[in-house]
Structures are given as structure tokens and as C-alpha cells.
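Participant: need coordinates for the following:
(chains A, B, C and D)
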Protein chains: 4
Amino acid sequence: MNTAIILLSCPDKPGLIAELTNFITYNNGNIVYLDQYVDHTEEVFFMRMEWSLDKFLIAPEKIEEYFETLYAQKHQMQFKIYFTDRKPRMAIFVSKMSHCLYDMLARYTSGEWAVDIPLIVSNHEDLRPAAERFGIPYHVFPINKENKAELEPQELKILKDNNIDFIVLARYMQIISEDMIKAYPNKIINIHHSFLPAFVGAKPYHAAYARGVKLIGATSHYVTADLDAGPIIEQDVTRITHKDTVEDLVTKGKDLEKIVLSHAVQKQIEHKILAFKNKTIIFN
Amino acid sequence: MNTAIILLSCPDKPGLIAELTNFITYNNGNIVYLDQYVDHTEEVFFMRMEWSLDKFLIAPEKIEEYFETLYAQKHQMQFKIYFTDRKPRMAIFVSKMSHCLYDMLARYTSGEWAVDIPLIVSNHEDLRPAAERFGIPYHVFPINKENKAELEPQELKILKDNNIDFIVLARYMQIISEDMIKAYPNKIINIHHSFLPAFVGAKPYHAAYARGVKLIGATSHYVTADLDAGPIIEQDVTRITHKDTVEDLVTKGKDLEKIVLSHAVQKQIEHKILAFKNKTIIFN
Amino acid sequence: MNTAIILLSCPDKPGLIAELTNFITYNNGNIVYLDQYVDHTEEVFFMRMEWSLDKFLIAPEKIEEYFETLYAQKHQMQFKIYFTDRKPRMAIFVSKMSHCLYDMLARYTSGEWAVDIPLIVSNHEDLRPAAERFGIPYHVFPINKENKAELEPQELKILKDNNIDFIVLARYMQIISEDMIKAYPNKIINIHHSFLPAFVGAKPYHAAYARGVKLIGATSHYVTADLDAGPIIEQDVTRITHKDTVEDLVTKGKDLEKIVLSHAVQKQIEHKILAFKNKTIIFN
Amino acid sequence: MNTAIILLSCPDKPGLIAELTNFITYNNGNIVYLDQYVDHTEEVFFMRMEWSLDKFLIAPEKIEEYFETLYAQKHQMQFKIYFTDRKPRMAIFVSKMSHCLYDMLARYTSGEWAVDIPLIVSNHEDLRPAAERFGIPYHVFPINKENKAELEPQELKILKDNNIDFIVLARYMQIISEDMIKAYPNKIINIHHSFLPAFVGAKPYHAAYARGVKLIGATSHYVTADLDAGPIIEQDVTRITHKDTVEDLVTKGKDLEKIVLSHAVQKQIEHKILAFKNKTIIFN
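Facilitator: This is a model prediction of the structure:
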């Protein structure tokens, strides 16, 4: 079934739901998903709606224009429209650890995800065999602090050439520059191997071990200019005991990281995340 | 803030949300909560809506009639309307174990729950001191298989005399008769000390120990004529190991039971449960 | 069954387990529990052993002396011996919130815990009715920053007069002074309403809301001179969504807090916690 | 470090730990792991011990004989000795679903698991590309009820030819015959896509949906002659809501299944599982 999805937000006022659902219904669209949420502190209305395009009277390429004209300008709305017959295109950035990469490639290859992965980017050669196993082009940019200003534009070019919609940092061990973040605002998903905001920065498992916590966590979030401080998409934890060494934490953490990251990516693919200020609304 | 809450279900059709939200908005009601769900297998529409009565044009005592006339008959709707200035009245049934009872009385006494608890019913004297600590009348009916037909009508009478809306079985160790179930359809909440449908019936912790499971659970559900088979409201589990004895399971299980039961009761008090066929829709 | 429990730590070396278990076995003690753990980073050996005193050849009041003479000085051991026929004595400190207090009093009253609670201390009158419901003396010391130096010695005196073994801060909203911490080293258990080390200090639920986390947590720990930085005993989390307000976090958090705190207290009562440096070994 | 691991059980009696640890210590072995457990209901002692072979006085190939002579016959012990310089050899059986297979192959390829995987067996061609991606021989036996008696001996032969130690059924959709179970007693690990003992048999997600549970689970267990009734190794659950369709349960369940299965396999590889009667002792 070919459907359209709209994600929108605007100042809250009475009658919005009626008005917006009427837009679909009056034009012969069949709503297959609707969820809305009002942030009563910020007085903002959020909505995700999905409808069948089979008998919809407005041509897909015209929907955005009509919606802008009829509703968005009137209600100071911000919105994005997606079509399920157009798969999003995702780039994966990796360094040396393979667990998150394999988890995503397995989902992709088995058809679990409606996504295209035209390329993998890395600062190391290590995971080229993994990429080749799944037939995905692997591009190495040996980025470090010194050459970042020179190499990142080349990365950006290859991303643009491949029409990349969003980027997944799958334990990519380089800090992304502000230029790239600006090019992909709330479009770069990172996995941090701690329960944020605990243990920001490097070596969180060592820090967790030193602090003697009884649970370790993982956090997927959008990358912003502030390190590990962007809008959180998904988090989870697992229990540890005094018997676990740092190496045990790393091993247990890998399973957390890959599941938490893949769940966030799945939400992204399904257009179920709305970032607002420094938070996310996650539709289900 | 004085509000009304409607819980409704009807066959799904386009335009329902618009029509129902318009009813509130056009009559000067301010919607403070809205959630809806479509079961696409059964083609049934479910909704929970809450709105402020401050400027609402229809008098509270007339809302049901107007809604029935204008919408319910037209759409074959089933609905219930609640008012937040009218606290629901709840009876607690207990036998000998106190953990669920104390958990609920603590919430009630501290003002966490907007509920009245006019009475506690038991088949034993054991928990009278607990009831007296919190100043709640405690009625003993020494029910067993032989005298159940004789004593249950007396229980029903005292429930009716106290205008009881719903009943909570807080580890009450007697099977409820069909007459009482019919008098309180989907209004009797039980806590079963297993992860249903595993370990139906008596001594589930012994059965869990014998089977060697690695997690134990608790399940709150509405009581129906089929033992431990009514609509499930809430479930949770906790991890155990081979080191746990049956007594350990009982101890660990108590914490599960009381939290799972109290969460179900809270949803009931807040009118957030819609039972449909043998399942529940839980609004949040 | 009357048993003795030893908790010990010492530099690791071969043969310790054999030597220590032989001490019990050769003297006609029957070991009913044994667990040990070696921290291979610190090269420290930890052990908890429980044995029946029925036929044990050494009189209970002599065990400590014999153990010190025969093993402790030889192996630079630190150890504590407890007897299950002597219930530990616990004081509870509260301010205004009752959920943790009620949870503990319910366990105490129902016989779930082998502990004595001779008194409750508070800086407010609010929870006197709760204490009176369970017949426990309630002492108010209206402590604030100004009078702390004057009033805490009075608190310490009443604790000493009552032979208090350990203190539980059940959402007690005053910082404990260093003098009291020194009087009860690793004997004061606090519940902090966040997943430490995230959201140290005041108003963690507000901070969690502002950060947009997807899980909230609670942490029980021993109180040290560093705020919220003492050895962690137990932690747990629960899932939240963008729909949860700060008030929702407070409500959901209460259930976490009381269960996490009570589980820590239970471990304390059962002599299953060994604090070492800034961590805990939790025997099960 | 080259170590030996012993897993043993015997009737409980005083002095066992001392005697067994002395055996290692007196012969210049350095114990790096020790855990024991007494089932006080069955009066059975269980132990897992690991020690360095570097200076151990008994040659590896003689340890079993010495242990049998000196301890096992005396204490009616059952025991198995493993050496960490000899990787266990594992066969994977699959049908059409790839998620568990990929999860294991990723761990294997990245060096997370100290195991050899000489072959994959299937009743279908579907997953041959997955096997080939990781360079593992893929053998198809198109087994069904009719030809099972004929084809299973061929499977057994290839397993024996490859010196397979244990078998993992990674969503393999055929029932294993008693002959194969007898050839690999407590050496065949299955993943069942429910929280056993709930929803035994076919289509557990459909059954879970029909029952309206609020959590779904996955269970890894040893295969015995009774369907889905063998000793449980690991279980986990994840939360669902009324909004989840059967397809959603299948999707959410896949992540549970692969993690639960891989954790069980990891315990098997590390020789940390002791099956006793119909349960498992899981060392950590």
C-alpha cells in the first residue's frame, strides 16, 4: 500500500485535529495511522498521520504545496511529508568495532528495513571485509584532528552525491564537525555507550566500572554541536554486578548498543521521530 | 480543574475523530487529553477524551443523553462518561497476605489516588489490624466452597450499600462466583502471581520453581468466569536464578505483585482502561 | 536455626577458601551459605559465609577472638561477625514524603524483615500519623542549615541511646553532616531519585525532564562526605516517554524509589553487603 | 592463559570445597574462577572451577584420570573437564529466518566467541547466501516428517565427521528426533519464541496476540524428548501494547530471540551451564 506520512508541529489551539483529519478524509484519503500529542508546558501540538494515496485526490507531488497553502502558513506549522514508496537513503560511519554495523546490515539484507544503504564511511580499513560481505561500497577517510577540515568536505561531497538522507554513527570514534552537523541537522544518529547524561565523553565503561554502578546503559541520540548532548531517541540498560570487569561491561554493553541504535534507526526509517528543541517525540 | 472523560468504542469509519472533537470544541470544551486507537483487524475505533467543563455549554448531567442522541446511536457506539469531581469507590478483598493491601492503603492515605475506599472484605480476621491502622471498615465473611452460595449475597449487599464501583482482589484466595462477576463485569481486578498464561491456578511459584524458569511474573487482570483467563491489564517480571528457593520466589514475587496490581488499579481510577472482548486497551 | 555470618576481605592468596571452610567444618559447624569473590584488579579476596551454631565447638561470644587470632592477623583480614538471633536495629529518617516509609513499615509489620525499628526521626511533623499507625516513636528535630550543628548531636544521642546499627534516609531532605557520617560509616543508606551519577543533587526529575531522557532511575547508596557519591547498593530504572510530565516522573519514580530502597535495606538486614573503597560487593 | 575448567556435581557433604580447592592448590594450580552452589532441597553440591595450567603438576591429558581416581568415585561425582586451548565446535541449524544466524555469525567473525563453526545445516536453501557471506559450509537436508528417519542419520554422520560438540537450533522449524537428542544429550540448544511455559508449540506470537498479554518473551533451552519442555538456559521479555499487531510482535520478538539465544550459546561456549534434572545451574 502506497501511503504518505506527515510529521508536524505548531502552536496548540482547539480544532486542529478535526481540521487536519478532515483534510485527508474530504480528499478521499484513508487514514491508517494517527497519533498526536500536546506539550502543555510549551503549548505545542505534534502530530503524525499516515494515509493511503490510492484514491487521494491531490497528486503526491502537489501535497506539500497544498498543505503549506491551506494549513501550514495559517497555523505557523512546521511539517515534513514522506512517501512510503520512496526509501530513505542512509550512510553508516564506522571505525573498528563491528557489532552495530553487522546488526544493521543483517536487518537491511533480510528486508527488515525499508532503507537503502549506498555506502559505508570509515576512518580505518578494518571493517572493509564486513562491508564487502554485504556488497556495500566502503570509503575510507583517515580523519584525525589535523586533517578533519580538509577531509570532511570530501565526505560531505560523497554523501551529497549519494543523496543521503541521514547518517548513522555506528561506534564512529571521531567527533563530527559543526559543518557536517549543519548539513544534516537532526539527521545524524549516534550511539553513546552509556546511560546519558551519565558518563559523557570517552571511556564510559571504564567510568562506570570506577563508579561502581549496578546498571550500564546505552543511548542513541541526534548529534548536535554539544558533545553527547543532542536529543535522545532511545535508551536502555542492563544489570551488572561487582563480578563484572571492564571487559565484561564492554561485552554486555555491545548488545545494548546495537539494539538501542537499531531501534532508533528503525524509528528514523519509519519517520516516527520528531525532534523539538532538545527532545524527541517518538510516535509508535 | 473539573473535567469529563469519555471512553468509547464503535465500528471504525472515516471522520470519527473530527466529528467527536468538534462536539467538544463547538460546545466550548477544552480538550486536555485525547488518544485514539484503531484495531485494524477487528475494524473497531477506540477513544479516550478528557475535556474541561468550565465553559462547556452542556450541563454535566445532560452530557450522556446528548452524546447518546447525537453520536452513539448513529455510530453503534458503546461509551461511558466519568467526571473527575466524582471519585470512584473501590472495595478491597483480602485473605491473609498484607503486601498488596498496604501498598494500596499507603497510596490512598497519602493522596496519591483520587479514590474512596469505604470497606475491606476478607474471609479471615488476620488483616483487621492493617485495616484499622488506616481507619477503614473491615468485614469478615468466612467464605468457603460450602457456604459461598449463602454468604456471597451478603457481600453483594454490602457492596451495593456502599455504592462500590469496582473491586480489587488483593491476593484474595477464594474463587469469585459467577453471580458476583455478573454484578461487576470487568469491574473486578485480580492479581495473579505468575506471568499469565503460564502457571494458571494454585501455587504458581512452586510451579515456576519446578519448571526452572529464569524470570517470574505477576499479572493483573479483570476477573471473568474462566479462571485466570480474563482481560490482562498489566504484567511484569523479575529475574531469578537457580539459587532462588521457592521462598525466595515468594519474597521477590510480592514486590512484583503489589506494583503490578497498584498500577492496574491506578489505571482503573483514572478511567484509562477499555476492555474489549478478551483484551484491554490501556490509554496513557 | 541459629547461625553466624561472617563478612570478610583480605589480600588474595591461594588456599584461603580451604583454610576458612576448614575452620568451620573442623569445629562441627555446618556451612549453609558460602560465596566468595576475587577482585583480580585489586587482588582482594571477599567472602560471606554462614554456618549453623547448633554443634559449633566455639562459643558465639568467643568466635570473634578465635577468628582474629587464628586467621585475621595472619592474612591482614578485615571481618565482621553477625548472629541471626540478634536482630539489627534500624532508624528511619524522613521529611514529608511517605511512600518509602510506608513500604518499609509494611515489610516490618508483616514480619518480612528481621529487624527492629525503635524510632523514626524527622525534620517535620508531617509523617507523625504514619509512624503512629505502626506504633513507632517519632522524633522531630527541625533541622536546617543554621541549627544543624546544635541539633545533630541530639539526634546522635538518641541514636546511640537506642543502639541503632544503621540509618535509612527515606527521602530525608537534609544533608547529613560529616560528624554523623563518621559515627555511622557505611551505615547510612540513602535513596537518590535518579540513576546516579546522572542528575546529582536537587530536583533530579526536573533535570531528567529537561534533558529528555527515555528512562528514569533511582539509586540507593551509602552516604559519604561527597554528596550522592557514596558506594552504590542498588539501582533500577523505568521507561518514560515524551508524554510524561514532571509530575508523571515524580509519580513513576516513587515506585522505583521505594522498591530500590527497600531492596537495599533488605540486603543490609541480611548482612549481604560488603563496602570496599567506593563500591559494594552484594552477595545473593 | 591456558586454563582448565571443571564442572561437577555430587551429593552434598561438609568439606567438599576445601578438598577440591586443595587438589588444585597443592598441585601448583592457580584458581582464577570458583563458584559453587548447594541445592538444599536435593542436597546436591555443584561447582565450577577454573585454574591456570602453567605450573600445574598434572599433565592435562592425565587430569581426568587423577580426578576420577582421587575424588569422583569417592564422592559419587559427575564431572566434565574442559581446556580453554581447545575451542568447542558448534553446528547451527536454520530454516528460513536469518536474524539469529546473523547475530551468531557476527559474534563469531568478530572474535567475540572462542568457538569453531564448521558447518550450517538447513532444511531449505534460503540462507545459503548468508552462510556463504561468512564462508561457512552450508548443508541442505530437505527434512520433513516423511523422510526424517532416512535423512537424520546423514545429518548425524556429518556432525560426527566434523566433531561437533553442540548444536544450536536458530529458528530451525523441524522437530528433532529422539535419536539425535540421545546423540547430543543437553547439547542441543533451541530458541523458542515465547516465555515458556506459556505458548508451547507453534505460532506463539499469534497465541500471545490472541491472549492479549502485555509482555512477550523468548526462551533458550536444551532440547529434550518433550517439546519445549527441556531445561531453560535463558529467558527475557519485552513490553508490548494493544497497538502492536501480530507482525509487530514478530518484529519485536526477533530482537529478543537473537539476544536470548546468543547469550545461551555464549554460556555454553564458556562452559558455564550445568544441566541437572530438568533445570540448569548458570555460573557467571
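Participant: in three-state terms, label A:Ala208 for me.
Facilitator: Assigned with DSSP: H, G, I helix; E, B strand; the rest coil, A:Ala208 falls in the helix class.
Participant: what do you get for A:Ile281?
Facilitator: Look at A:Ile281: counting by three-state DSSP, its state is strand.
Participant: correct me, but A:Leu249 touches A:Arg211?
Facilitator: No - the pair A:Leu249 and A:Arg211 fails to qualify as a contact (CB atoms under 8 Å) at a distance of 11.3 Å. No exception for glycine: its C-beta is placed from N, CA and C like everyone else's.
Participant: so which of these two has more stuff around it?
Facilitator: More neighbours sit around A:Leu249 than around the other of A:Leu249 and A:Arg211, counting by other CB atoms under 10 Å in any protein chain shown; the figures are 20 against 16.
Participant: ok, A:Ile6 to chain D distance?
Facilitator: Here the criterion is CB to the nearest CB, to the nearest Å. By it, A:Ile6 lies 19 Å from chain D.
Participant: what sits against that residue?
Facilitator: Going by CB atoms under 8 Å, 6 or more residues apart in numbering or on different chains, A:Ile6 touches A:47-50, A:67, A:79-82.
Participant: those residues, buried ones only, as a PyMOL selection?
Facilitator: To isolate the buried ones among the contacts of A:Ile6 in PyMOL, judged by 16 or more other CB atoms under 10 Å in any protein chain shown, type:
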select buried, chain A and resi 47+48+49+50+67+79
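Participant: narrow the contacts of A:Ile6 to those in helices?
Facilitator: Of the contacts of A:Ile6, the ones assigned to helices by DSSP state H are A:Phe67.
Participant: dump the contacts of A:Ile6 into TSV; add pLDDT and distance to C:Arg239 as well.
Facilitator: TSV is the format used below for those (pLDDT from 0 to 100; distance: CB to CB, whole Å):
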residue	pLDDT	distance to C:Arg239
A:Met47	97	23
A:Arg48	97	20
A:Met49	96	25
A:Glu50	96	24
A:Phe67	97	34
A:Phe79	98	28
A:Lys80	97	27
A:Ile81	98	30
A:Tyr82	98	27
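Participant: what's the closest of the contacts of A:Ile6 to chain C?
Facilitator: Using CB to the nearest CB, A:Arg48 is the member of those that sits closest to chain C, with 12.1 Å.
Participant: hmm, that closest one is touching A:Ile273, no?
Facilitator: No - contact between A:Arg48 and A:Ile273 fails when scored by CB under 8 Å: they sit 9.4 Å apart.
Participant: now for the two: what residues contact both?
Facilitator: Here A:Arg48 and A:Ile273 have A:Phe283 as joint contacts, going by CB under 8 Å, 6+ apart.
Participant: got the residues of chain A near chain B?
Facilitator: With CB under 8 Å from any CB of the partner chain as the criterion, chain A comes near chain B at residues A:14-15, A:17-19, A:21-22, A:25, A:30-32, A:34, A:36, A:40, A:239.
Participant: just give me the neighbour total for the closest residue to A:Pro137 other than its chain neighbours.
Facilitator: Here the nearest residue to A:Pro137 in space, its sequence neighbours aside, is A:Leu119; by CB to CB, 6 or more residues apart in numbering or on different chains that works out to 4.8 Å. If you count neighbours by other CB under 10 Å, A:Leu119 ends up with 20.
Participant: so A:Leu119 sits in a helix?
Facilitator: No - secondary structure assignment (three-state DSSP) places A:Leu119 in strand, not in a helix.
Participant: residues contacting A:Glu64?
Facilitator: With contacts defined as CB under 8 Å, 6+ apart, the neighbours of A:Glu64 are A:Ile81.
Participant: next, work out how far apart it and chain D are.
Facilitator: Counting by CB to the nearest CB, the gap between A:Glu64 and chain D amounts to 28 Å.
Participant: could you point out which element follows the helix or strand that contains that residue?
Facilitator: Using DSSP states H and E, A:Glu64 sits within helix A:60-67. Sequence-wise, the next helix or strand beyond helix A:60-67 is helix A:73-75, with elements assigned using DSSP H and E.
Participant: would you mark the buried spots in that next one?
Facilitator: Taking 16+ other CB under 10 Å as the neighbour-count basis, helix A:73-75 is seen to contain the buried residues A:His75.
Participant: likewise stretch A:97-111?
Facilitator: Taking 16+ other CB under 10 Å as the neighbour-count basis, stretch A:97-111 is seen to contain the buried residues A:97-110.
Participant: wait, does it contact chain D?
Facilitator: Yes - under the criterion of CB under 8 Å from any CB, stretch A:97-111 makes contact with chain D via A:98-99, A:102-103, A:106-107, A:109-110.
Participant: can I get the buried residues of stretch A:97-111 in a markdown table with distance to A:Lys267?
Facilitator: As requested, those are arranged in a markdown table below (distance: CB to CB, whole Å):
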| residue | distance to A:Lys267 |
| --- | --- |
| A:Met97 | 22 |
| A:Ser98 | 23 |
| A:His99 | 20 |
| A:Cys100 | 16 |
| A:Leu101 | 19 |
| A:Tyr102 | 20 |
| A:Asp103 | 15 |
| A:Met104 | 13 |
| A:Leu105 | 18 |
| A:Ala106 | 18 |
| A:Arg107 | 13 |
| A:Tyr108 | 16 |
| A:Thr109 | 20 |
| A:Ser110 | 18 |
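Participant: for the closest residue in space to A:Gly15 that isn't next to it in sequence, pull up the helix or strand it's in.
Facilitator: Take A:Gly15 and drop its neighbours on the chain: the residue closest to it by CB to CB, 6+ apart is B:Thr25, 5.0 Å away. With secondary structure defined by DSSP H and E, B:Thr25 is part of helix B:16-26.
Participant: with A:Ile191 instead?
Facilitator: With elements delineated by DSSP H and E, A:Ile191 resides in strand A:188-192, which encompasses its position.
Participant: tell me the helices and strands packed up against that strand.
Facilitator: Helices and strands in packing contact with strand A:188-192 are listed as strand A:166-169, strand A:215-222, helix A:246-269; criterion 3 or more CB pairs under 8 Å, 6 or more residues apart in numbering or on different chains; DSSP states H and E.
Participant: can you tell me the element the closest residue to A:Lys96 other than its chain neighbours falls in?
Facilitator: Here the nearest residue to A:Lys96 in space, its sequence neighbours aside, is A:Asp126; by CB to CB, 6+ apart that works out to 4.6 Å. Secondary structure here is read from DSSP H and E; on that basis A:Asp126 sits in neither a helix nor a strand.
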